[in-house]
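Participant: Prediction below, plus the sequence it came from.
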Amino acid sequence: MRMMEKVYGVIGSPIAHSMSPEMHNDLFSFYQMNARYHAFHVKPENLADAIKGFRAIGISGFNVTIPHKIEIIDLLDEVCEIAANIGAVNTVVNEDGKLVGYNTDGLGFVTSLRKKVDHLENSRVLIIGAGGAARGIYITLAAEGVKNIDITNRTHEKAEELISTCKFSAVSNSLSIEQAEKDLANYDIIVNTTSIGMHPEIDAIPINLTYLSPNAVVSDIIYNPLKTKLLREAEQKRATIDNGVGMFVYQGALAFEKWTGIFPDTTRMEAIVMKKLGGTIC
Ligand code: ATR
């Protein structure tokens, strides 16, 4: 008897432009798996019904994107420790009928970063921003044993709050942007998690790089454009740069691994994302 095709997907609103279906369906056919990944447009008022429907059809797993990453938590049976501390879930696995939530965004970022950094644990990190994306990255870096992680954010209180809610030990200060700019030479890794520099405001930059060390890695989670003004200036200063494609690819790879047990070929995934975005990777 032929096995039923496994169903996977992503829920969000909007969702039409998601690159995830193409990325995961390519992997399912590459690994010859009888499975299919769909994009589902789910509005906030329909989230609970959608999850009920997923339970009824026995969905194998799904990704969760904006605006559902926080609200989904109350609708799941279990949430892993890191996702609970972040307060957001982007990957759900159906584990024998139980829907279990994980967060592969932060770990996707860190896994991608490790390709460019040798001793991440001992690196001094500066995060720009204290919103949802920063939460995932800050808490995962702390959980991975990175000792020194400072945050600079327009709204100082949000950075303070993020530092105080983290359950993993890290030494952290909340700095004004001016202070962070003055102290920039102290950091090995600088991460922009804000939308400053994203299309169409491509001439905006979140921090002045005058004192950037050429040994630093500058990472921007934005991938539209592929090279933000922050990355362009960092490159001119001979620093190593990293854009948001890696984080996107690795969050998908880690989700795929949770669903199938296979850590997939990220080169294939990257090629699909780059084809969709157009341009060359940095
Ligand atoms: P996301 O989930 O993408 O992180 P978010 O939760 O809305 O989005 O957070 C956006 C982050 O970018 C915040 O840190 C925000 O600063 P505030 O906390 O002060 O709002 C920051 N940000 C966005 N636009 C900004 C701007 N023009 N100048 C400075 N910071 C900005």
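Facilitator: Yep, that arrived. Residues are numbered from 1 along each chain as shown.

Participant: ok, I189 - how many residues close by?
Facilitator: By other C-beta atoms under 10 Å, 23 other residues sit near I189. The C-beta positions use only the backbone N, C-alpha and C, and glycine is treated the same way.

Participant: For the residue nearest to it when sequence neighbours are not counted, give me its contacts.
Facilitator: With C-beta to C-beta, 6 or more residues apart in numbering as the criterion, I189 has its nearest non-adjacent residue at 4.5 Å, and that residue is V125. For V125, the contact set (C-beta atoms under 8 Å, 6 or more residues apart in numbering) comprises 141, 146, 148-150, 187-191.

Participant: Test my guess that R124 contacts N186.
Facilitator: Yes: at 6.0 Å, R124 counts as touching N186 under the criterion of C-beta atoms under 8 Å.

Participant: List the residues that contact D105.
Facilitator: D105 makes contact with 88, 90, 133, 136-137, 247, 251, according to C-beta under 8 Å, 6+ apart.

Participant: Buried residues in the host helix or strand of it, which are they?
Facilitator: Per DSSP states H and E, D105 falls inside helix 104-114. Using 16 or more other C-beta atoms under 10 Å as the test for burial, helix 104-114 gives 104-113.

Participant: before we move on, what about stretch 161-181?
Facilitator: Going by 16+ other C-beta under 10 Å, stretch 161-181 has these buried residues: 162-163, 166, 168, 170, 172-175, 180-181.

Participant: Can you tell me which of these end up in helices?
Facilitator: Residues of the buried residues of stretch 161-181 located in helices (DSSP state H): 162-163, 180-181.

Participant: can you map out the strands along the stretch 151-282 of the chain?
Facilitator: Taking DSSP state E, counting those that start in this stretch as the criterion, the stretch 151-282 of the chain contains strands spanning 174-175, 189-192, 217-220, 240-242.

Participant: and the first one, what other elements does it pack with?
Facilitator: Other elements packing on strand 174-175 under the criterion 3 or more C-beta pairs under 8 Å, 6 or more residues apart in numbering; DSSP states H and E are strand 148-152, helix 156-165.

Participant: For it, which outside residues touch it?
Facilitator: 126, 150-153, 156, 159-160, 163, 183.

Participant: among those, which ones are buried?
Facilitator: 126, 150-153, 159-160, 163, 183.

Participant: returning to what we had before: looking at the helices and strands packed on strand 174-175, spot the one closest to G261.
Facilitator: Ranking the helices and strands packed on strand 174-175 by their distance to G261 (criterion: C-beta to C-beta) puts strand 148-152 first, at 31.5 Å.

Participant: Just give me how far the closest one sits from the chain centre.
Facilitator: Averaging C-alpha positions (C-alpha atoms, centre = their mean, to the nearest Å) puts strand 148-152 18 Å from its chain's average.
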